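1. How does the following fold in three dimensions:
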Amino acid sequence: MDLTVVAYVVYLLVSVGLTIWVARTLSRNGRVFLADVLQGNEKLADAVNHLLVVGFYLVNFGFVALYLSQDEAVPDARGLFEALSVKLGVVLLVLGVLHLANVYVLNKIRRRGVMERRQVPPVPPQGWMGPGKGGPTGPQGPGPWATPATGA
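-> Model (predicted):
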């Protein structure tokens, strides 16, 4: 059997297996992080998690397929290992970069959410004062900080 074909088969098996393992690990462990980013919305966290996994599969399997071709024939066992190490190493680096990019983006979203939660007043508004009742200033009535009218 041609060693180039053996290299292709081993490359595909290992790359697909690694991609599936990484995607499942990230999905399982990233769910808690997504729930925190999305302020406890479990349904939305599950949906976003699923979409991220699908995108992860598409990008990685597409890259693995594009990177499959080998310009040179594999002459011997040493060449087989060298070709596989380069190809698998690049696949692992791409998986790592994509993972870090996802974590970076989700962390930015999480930080923004934390900042927004800190800006919420500690006591919710209790009502709106309309015109003439201490509401907006101008022709509608006195401002909210107007002195109360003294009556006799």
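2. dump the residue contacts of Val22.
-> Val22 sits next to 56, 95, 99 when contact means CB atoms under 8 Å, 6 or more residues apart in numbering. Where you see a C-beta, it was placed from the backbone N, CA and C, and this is true even at glycine.
3. quick one: low-confidence parts of the protein?
-> The chain contains residues with pLDDT under 70 at 1, 117, 120-122, 125, 128-152.
4. sorry, back to before: could you identify which of the contacts of Val22 has the most neighbours?
-> Leu95 (22 neighbours; other CB atoms under 10 Å).
5. one step back: which of the contacts of Val22 fall in helices?
-> Per DSSP state H, helices hold the following members of the contacts of Val22: 56, 95, 99.
6. ok, so of these, who is nearest Val64?
-> Leu95 (9.9 Å; CB to CB).
7. Settle this for me: the closest one is touching Ile20, isn't it.
-> No: look at Leu95 against Ile20 with CB atoms under 8 Å: they stay out of range, at 11.2 Å.
8. that older thread, can you redo the ones in helices among the contacts of Val22 as CSV with distance to Thr4?
-> Formatted as CSV, these follow (distance: CB to CB, whole Å):
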residue, distance to Thr4
Phe56, 29
Leu95, 24
His99, 30
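9. Looking at those, which is nearest Asp36?
-> Distances from Asp36 to those, taken by CB to CB, are shortest for His99, at 17.7 Å.
10. give me every residue that touches that closest one.
-> Per CB under 8 Å, 6+ apart, neighbours of His99: 22, 26.
11. what's the spacing between it and Leu68?
-> For His99, the distance to Leu68 (CB to CB, to the nearest Å) stands at 22 Å.
12. again, but for Val90
-> From Val90 to Leu68 the distance is 12 Å (CB to CB).
13. Same question for Val123, what's its three-state structure.
-> At Val123 the chain is in coil, as set by DSSP: H, G, I helix; E, B strand; the rest coil.
14. Which helix or strand contains Leu88?
-> In the assignment (DSSP states H and E), Leu88 maps to helix 77-118.
15. List the buried residues in stretch 11-22.
-> Across stretch 11-22, burial judged by 16 or more other CB atoms under 10 Å covers 11, 14-15, 18-19, 22.
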